[in-house]
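[1] Return a 3D structure for these sequence lines:
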Amino acid sequence: MTSLLLQMLLMLFVILASAELFTNALEHLGERLHISEGVTGSLFAAVGTALPETLVPLLAVLGGHGDKAVNQEIGVGAILGAPLMLATLSTFLMTLAVLRSRGLRGRVMPERTGFTRDLNYFLFAFLLATIAMFIPHDNRAVRMLLSVGLVSVYIVYVVMTFRASAQLVDDGHGTEAPGTMLLSRTGLPTNILTILLQLLIAVGLLVWGAEGFIGSVRGVSRILGFSPLLLSLLIIPIATELPEKINSILWVRRGKDTLAFGNITGAMVFQGTLLPAIGIMLTPWEPRLEVLTGVVVTLLAAAWMRVNAARAGLLIGALLFNGVLYLSYLAITLSR
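    This is a model prediction of the structure:
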């Protein structure tokens with residue numbers, strides 16, 4: 001048990017280090033490509049820092065190691081737990097980071113069109129994924145149609161986000177990289193090749209961290225006698241979402257609210273479309289109580305942010321409610 005916990009801690013450190021490498025390289029890449037903070041946050045950073053929680057379910061479901069049923073439960077838990085954590089705990093912690101400096105009546109000010117676009121696409125896609133849970137397994141045609149629909153939603157989202165980039169840069173929302181790129185501190189120049197090299201190093205570390213964490217979860221679930229599904233819903237997202245939380249906290253404390261929120265809401269769209277598309281076809285995508293509870297809380301948290309999106313920004317006091325939703329989820333699932 002001790003060795004498994006030490007392995008978890010090691011993998012968490014690897015994930016945090018790789019997230020810092022990835023985010024730093026992305027800021028420099030966005031600045032060199034002259035793209036908006038919306039694209040950098042909602043697409044590049046969101047997809048990049050979503051790699052751990054993306055790889056966990058993929059490796060669990062497709063890896064072929066260990067018990068197939070356990071792997072599928074780990075996969076479902078990781079797929080659904082990621083957007084839950086982003087919409088609730090990640091948003092709460094990011095808001096908490098500026099509570100003292102901005103106050104309860106203060107606001108966070110992400111660029112509104114990109115923020116609402118992300119949430120609109122996520123809510124639509126996640127509702128489709130929820131509907132798929134009630135489609136019988138033998139109805140492969142309808143399940144396949146819903147999976148294709150989710151992939152199509154993400155493709156349209158990417159196209160629309162890039163289309164908005166040029167105007168946002170003109171309006172002053174271009175990406176600006178602070179300081180020196182980390183790899184360049186070794187004496188290397190900062191150019192496209194070294195930026196891509198740092199991104200590749202970060203991805204490699206993320207893959208290693210994700211694989212190690214899967215093994216830890218399997219071992220802990222056996223020792224403690226917990227359901228792999230419940231453990232995956234609670235523990236895997238907390239660990240693998242640390243990159244999003246750390247990056248967004250750093251950005252919001254620097255006043256880069258668009259990057260901070262784009263990193264979260266963009267990852268929500270990614271994980272609310274492509275990963276459920278895989279889960280619908282390759283796992284028992286069923287409406288179990290712990291699963292449905294997480295889905296409902298996720299939709300409520302995303303809808304709450306969407307309702308509170310205003311031209312003057314989002315009220316910090318309102319966003320703290322997302323933390324209450326997460327605590328409610330814990331109370332319901334752990335009381336079973």
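[2] Without its sequence neighbours, what residue ends up closest to residue 103?
    Excluding the flanking residues, the one nearest residue 103 by C-beta to C-beta, 6 or more residues apart in numbering is residue 316, at 7.0 Å. C-beta coordinates here come from the backbone N, C-alpha and C atoms, glycine included.
[3] sec struct for the residue lying closest to residue 293 once chain neighbours are set aside, please.
    Once flanking residues are discounted, residue 293 sits nearest to residue 332: 5.2 Å by C-beta to C-beta, 6+ apart. Three-state call for residue 332 (DSSP: H, G, I helix; E, B strand; the rest coil): helix.
[4] Pull the number of nearby residues for residue 332.
    Using other C-beta atoms under 10 Å, residue 332 has 15 neighbouring residues.
[5] Do you know the pLDDT at the residue sitting nearest the centre point of the chain?
    Centroid-nearest residue in the chain: residue 267, 4.1 Å away (criterion: C-alpha atoms, centre = their mean). Residue 267 carries a pLDDT score of 84 in this model.
[6] Helix or strand: which one has it?
    helix 257-282 (DSSP states H and E).
[7] ok, the closest residue to residue 142 other than its chain neighbours - contacts?
    Closest residue to residue 142 apart from its sequence neighbours, by C-beta to C-beta, 6+ apart: residue 135 at 5.1 Å. Residues near residue 135 by C-beta atoms under 8 Å, 6 or more residues apart in numbering: 142, 143, 146.
[8] How confident is the prediction for residue 135, by pLDDT?
    Taking residue 135 on its own, its pLDDT is 90.
[9] likewise residue 254?
    With respect to pLDDT, residue 254 scores 85.
[10] Residue 101 versus that one, what's the distance?
    Residue 254 is 11 Å from residue 101, where distance means C-beta to C-beta, to the nearest Å.
[11] can you map out the strands along the stretch 51-200 of the chain?
    107-108 (DSSP state E, counting those that start in this stretch).
[12] And the helices in it?
    51-62, 68-85, 91-97, 99-102, 112-132, 140-163, 165-170, 192-224 (DSSP state H, counting those that start in this stretch).
[13] among those helices, which is nearest residue 298?
    helix 68-85 (4.5 Å; C-beta to C-beta).
[14] picking up where we left off before, how about the residue nearest to residue 142, phi and psi?
    As for residue 135, its main-chain torsions (degrees, to the nearest 10) stand at phi -90, psi 130.
[15] Then the one 3 residues further on?
    The phi and psi values for residue 138, taken as degrees, to the nearest 10, are phi -80, psi -10.
[16] Fine, thanks again, bye for now.
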